[in-house]
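Trainee: Starting from these lines, generate the structure:
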Amino acid sequence: MVAVLRQRNFALLWFAGLISVTGDWTLNVALPYYIYQLTSSTLAAGLMFMVRILPGVLFGSFAGVLVDHWNRKWTMVGCNLFATILVLLLLTVKSTQWLWVVYLVAFVESSVAQLFAPAERALLPHLVTGNQLVTANSVGALNVSLGMLIGPAIGGALIDMGSLSGVVIFDSLSYFIAGVMISLINWKRDSEFPKVEITEVITGWRRIGTDWVSGLKLVKQNHPITIVFVAAAIAMLGEGMIQVLLVPFVELLQGGGMEFGWMLTIRGLGGLLGGLFFGHLGSALKPQTLFPWTLLGMGVLLLVMVNCPVFLLSLVFLCVVGVLAVGASVTSTAIFQNEVSDTYLGRTFGTFGMIAALMTLAGQGFAGAFAEQLGVAVLLNIGGSLYLLSGLISILIPRSYGRSNED
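Mentor: Got it, this is the predicted structure:
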C-alpha cells in the first residue's frame, strides 16, 4: 500500500479523490437536511436523493463510450472544474422559491460524475504496474470510506452554524483543488484519441436495452442469481426509504444537523471496518452462506434502532449496519463471479446496478410521498422489514447451490 502511494502520479490521483469525496459527502449530508429545514417536507428532501441517483440510470450505461474517445486525464480535470462553478449556484438558494436550483445542481453534478468515474478507472492502469492494480484499486476504495467519515461530520457542523453557504464553498474548493492535482499528473496516451461518431453514441444508448434483456434472460436461467437479484431488489427498496427518512428520524431523536452528520459518519466508519474485516477473512467465508445473514442482521438492527430511539444506540447500530452492508456487497459480488461466465459477467453487473438504482428510486419516492400520511416511524419499520424479507428469501441460495452441483 505504501509503495503504491509513493508513486507521484497515483498519489496525486488518490489525494485528489480523497479531497473531492470529502467535499461531496459534506454537501450530501447538508443538502437533504437543509431542504427539510426549509420545507418541513419529506417529499422535498426525498426528491433530492432521487435526482442524484437518476443520472446513473439514464447515462451510466453509455458514459464509458464517450470516455474511451476522450483524453481521460483532461476529462477528469474538466469534470472537476465544471463542478467547481456548478455548486456555487447553490448560494442563490435562500427560500423555497429557489429550491429548484438545488435539484438542478444535484442532477447535473451527478450526471458529470457518470463521466468522471469511468475515466478514473480507465486511467488507473496507466499510473501503476500490472501487479499493483489490486492494491491500487483497494487503496482507491479506501478514500471513499475516509471521505464518508470526514465529510458528513464537517457538513453537519457547518449546516448547524446557520446556513448552506459554508458547505457550498467548502465543496467548491474541494473540486477545484482536486482538479488542479489531477492536472499535475504526468500522462500522455501513446495513440491519439479517435473522434466520437454520432452512431457510436446512439449505439451506446441502444446497448442499454440490449444489455437489460440479456441480463434478465441470464438471471431467469440461473436460480442462485435470481435469488440474489430478488433479495437485493427488495433490500434496495428498503434502503431507499431509509435514506430519505434518516433526516426526520434525527428530529425524533431530538437532534440536528450535527447529529445527522455523525450518523452518516458512523455508518461510513462501519463501512471502513467492514472492508478491513471481510477483506481479512473473505477467503475463509462462504458467500452463499454469509449473504442472507448480513441482510437479516441489517434488518434486525434497523428495526431495533427505530423502536428504541436513543441517539447513542443509533450510532452503534448504524456502525454495525455499515459493516454488514459491506458483507452483503462483497458476498453478492462473489456469488456472481462464481456463477456467471466471464462473457456475461459485465452485463450481469450492469443489469444488477440498474435494478438497484431503480428500486432505490422507488423506495425514496414512496417514503417521500407517504411519510407525512403514514408517519416516519411506520415507514422506517417497513424499510427494516424489507431487509428482513430479503434475508429470508436469500436463505434459499445454499439449497440452490446444492441442486446446481447435483445437476
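Trainee: Would you mind listing the buried residues in stretch 299-318?
Mentor: 299-303, 305-306, 314-315, 317-318 (16 or more other Cβ atoms under 10 Å). Bear in mind the C-beta positions are built from the backbone N, C-alpha and C, glycine included.
Trainee: how about those residues, which pair is most distant?
Mentor: 299 and 315 (18.5 Å; Cβ to Cβ).
Trainee: Between the buried residues of stretch 299-318, which sits nearest residue 376?
Mentor: Once Cβ to Cβ is applied, the member of these that ends up nearest residue 376 is residue 306, at 8.8 Å.
Trainee: Who are the contact partners of that closest one?
Mentor: Applying Cβ atoms under 8 Å, 6 or more residues apart in numbering to residue 306 gives the contacts 249, 377, 380-381, 384.
Trainee: Report the buried members of these.
Mentor: Among the contacts of residue 306, those classed as buried by 16+ other Cβ under 10 Å are 249, 377, 380-381, 384.
Trainee: and which of these is nearest to residue 261?
Mentor: When those are compared against residue 261 (criterion: Cβ to Cβ), the nearest one is residue 249, at 13.7 Å.
Trainee: Which strand or helix spans that closest one?
Mentor: helix 223-252 (DSSP states H and E).
Trainee: what about that helix, average pLDDT?
Mentor: Computed over helix 223-252, the mean pLDDT rounds to 86.
Trainee: Following the chain onward from that helix, which element is next?
Mentor: Using DSSP H and E, the helix or strand that follows helix 223-252 in sequence is helix 257-281.
Trainee: tell me what that following helix is packed against?
Mentor: helix 8-39, helix 133-160, helix 223-252, helix 311-339 (3 or more Cβ pairs under 8 Å, 6 or more residues apart in numbering; DSSP states H and E).
Trainee: Average pLDDT for the longest one, rounded please.
Mentor: For helix 8-39, mean pLDDT rounds to 83.
Trainee: and if you look at the second one?
Mentor: This predicted structure assigns helix 133-160 an average pLDDT of 71.
Trainee: Show me what counts as buried in the one helix or strand residue 106 maps to.
Mentor: Assigned by DSSP H and E, residue 106 belongs to helix 99-123. Applying a neighbour-count criterion of 16+ other Cβ under 10 Å, one finds 99, 102-103, 105-120, 123 buried in helix 99-123.
Trainee: which residue packs closest to residue 243, ignoring adjacent ones?
Mentor: residue 49 (5.5 Å; Cβ to Cβ, 6 or more residues apart in numbering).
Trainee: okay, now the one you found: neighbour count?
Mentor: 24 (other Cβ atoms under 10 Å).
Trainee: Going forward, the N-terminal residue is numbered 156.
Mentor: Noted, 156 is the first residue going forward, which turns the last one into residue 204.
Trainee: In which helix or strand does it reside?
Mentor: Assessed by DSSP H and E, residue 204 sits inside helix 197-222.
Trainee: and the helix or strand just after that helix, what other elements does it pack with?
Mentor: Later in the chain than helix 197-222, the nearest helix or strand by DSSP H and E is helix 227-241. Under the contact definition 3+ Cβ pairs under 8 Å, 6+ apart, helix 227-241 sits against helix 254-278, helix 320-338.
Trainee: which outside residues touch helix 227-241?
Mentor: Taking Cβ under 8 Å, 6+ apart as the rule, helix 227-241 contacts 171, 175, 222, 260, 263-264, 267-268, 270-271, 274-275, 277-278, 327-328, 330-331, 333-334, 337-338, 340, 342, 344.
Trainee: buried residues in that helix?
Mentor: Across helix 227-241, burial judged by 16+ other Cβ under 10 Å covers 227-228, 230-239, 241.
Trainee: Of all the helices and strands packed on helix 227-241, which one comes closest to residue 380?
Mentor: helix 254-278 (24.1 Å).
Trainee: From the chain's centroid, how far away is that closest one?
Mentor: Chain-centre distance of helix 254-278: 13 Å, with Cα atoms, centre = their mean, to the nearest Å.
Trainee: Show the average pLDDT along that helix.
Mentor: If you average the pLDDT over helix 254-278, you get 82.
Trainee: Taking helix 320-338 as reference, get the angle to that helix.
Mentor: Relative orientation of helix 254-278 versus helix 320-338 (axes from the mean of the first three to the mean of the last three Cα atoms, to 10 degrees): 20 degrees.
Trainee: what helices or strands is helix 254-278 leaning on?
Mentor: Packing contacts for helix 254-278, counted by 3+ Cβ pairs under 8 Å, 6+ apart, involve helix 163-194, helix 197-222, helix 227-241.
Trainee: Compare the ones you listed and report which one is nearest to residue 382.
Mentor: helix 197-222 (23.4 Å).
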